[in-house]
Structure formats: C-alpha cells, structure tokens
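# all I have is the shape, not the residue letters:
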C-alpha cells in the first residue's frame, strides 16, 4: 500500500517539489503522516507537520516522524507569522474549515511562505459529476469549491490570480485506473456539453492547486 501511495504522490506532486533537499516544508493537518513519509523517502530533511488529532500525532511519532506536533489549523491566524517555508501542503483540509474562516486561514499560510514559496492544496471538486455525494457524505465538510471559486478564495487570501494554478488530480497508478480516468473524461464532457463555455473543465473528484507567494 505504501508503494502505491508513494507512486500516486510522485504522479501528482513531484513537479512542484523543490530541488533543494534542505528546503523547509510544512504539512498542515498531516493526518497519519503519509505525505511526510513520502517526502522523507525523497530525501527531504527539513520537514514539519501538525494535526489536530492527538492520535494522529502519536501515529506519526511511531512512524519515526518526531517533528509532528498537535496544533489546530484554525488558530493559525491568531499566531505570529514569518515567511519561513519554501513549501506548505494543505491536503484534504480546507473543506473542513468554516467558510467564513477559510480565507483567513489561507492568508495565514501565505504569510508563512518565503518569497516565491508555494502553497499546495488538495480539496474536493464541486465540478465533479458525483460532487454532491462527496460534499454531503462527510458531516465534517463545511463547504466546497470548484475551479473558479478556488481561485476567488485564494485571491481573497492575498494571492495574485496570476500565481494560482488549478489542475486535475489524476490519481491512477495502474492501467485499470487510467482506463477509468479516460472514461471519466468522456462522460464529463458529454454531460456538461449543455453548459457550453461555462462548463467546468476539470473532471476529477479532487482539485489540485498551487499558489505562489
């Protein structure tokens, strides 16, 4: 399972990883440490992470990730900020933040980036054909975005719209998975033909976003 997860991270994230293995990287709401473990396997040495769950922090420590701490992401705007990080990951977390707090949290993350540092976000895509199932299938989801409103949210957080890249999040690592992705592309195009030029362009279940400071 770890090999599959690492291959998926390679496919999705490798293009945005810094060349410098001493780059300072933060993973917020890091869960059980899968992404941090992947980054460590790629040779990155200056890693940090935090999660609101004490149990997740314990799991990370058992995995040999002692740099993970227990913190609440929504409290970040109340804490002093300095542009310290080359790269910050916020994977599968912004949808759990109250909507009226989301821009402030993203702004707090922006203020923690070095000049030209990057914030990378993964979040459910409300342009996905089954988006409502995923949006309302988890009671902890507070709101959802599509490819356009994601840009609006990041601009509200102080990022320039020209610094924002929103892309499809293709996760397949097998031939069967790639066939499923091809089928999704086709069905998405057919269903949204009725919307003409306003139709959503990104068909994947999740959006993958990079915003540069």
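That came through fine. Fair warning: this is a prediction, and the values are worked out from it, not measured in the lab.
# tell me where the chain has strands.
For the chain, strands defined by DSSP state E occupy the ranges 24-28, 46-51, 68-70, 85-91, 113-124, 164-168, 206-212.
# contacts for the longest helix along the chain?
In the chain, assigned by DSSP state H, the helix with the most residues is helix 175-191. Helix 175-191 has contacts (C-beta atoms under 8 Å, 6 or more residues apart in numbering) with 129, 170-172, 200, 203-204. Where you see a C-beta, it was placed from the backbone N, CA and C, and this is true even at glycine.
# tell me the buried residues in that helix?
Neighbour counts over helix 175-191 (16 or more other C-beta atoms under 10 Å) mark 181, 184, 188 as buried.
# low-confidence stretches in the chain?
1 (pLDDT under 70).
# hmm, residue 209 is touching residue 168, no?
No: if you go by C-beta atoms under 8 Å, residue 209 and residue 168 don't touch, sitting 10.9 Å apart.
# these two: which has the busier surroundings?
Taking neighbours as other C-beta atoms under 10 Å, residue 209 and residue 168 compare with residue 209 leading, 23 against 19.
# tell me which residues touch that one, please.
If a contact means C-beta under 8 Å, 6+ apart, then residue 209 has 119-123, 150, 154, 164-167 as its contacts.
# for those residues, give me JSON lines that also has neighbour count and distance to residue 42.
Below are the contacts of residue 209 laid out as JSON lines (neighbours: other C-beta atoms under 10 Å; distance: C-beta to C-beta, whole Å):
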{"residue": "119", "neighbour count": "26", "distance to residue 42": "19"}
{"residue": "120", "neighbour count": "21", "distance to residue 42": "14"}
{"residue": "121", "neighbour count": "26", "distance to residue 42": "20"}
{"residue": "122", "neighbour count": "21", "distance to residue 42": "18"}
{"residue": "123", "neighbour count": "23", "distance to residue 42": "23"}
{"residue": "150", "neighbour count": "22", "distance to residue 42": "26"}
{"residue": "154", "neighbour count": "25", "distance to residue 42": "26"}
{"residue": "164", "neighbour count": "19", "distance to residue 42": "25"}
{"residue": "165", "neighbour count": "14", "distance to residue 42": "21"}
{"residue": "166", "neighbour count": "21", "distance to residue 42": "24"}
{"residue": "167", "neighbour count": "14", "distance to residue 42": "20"}
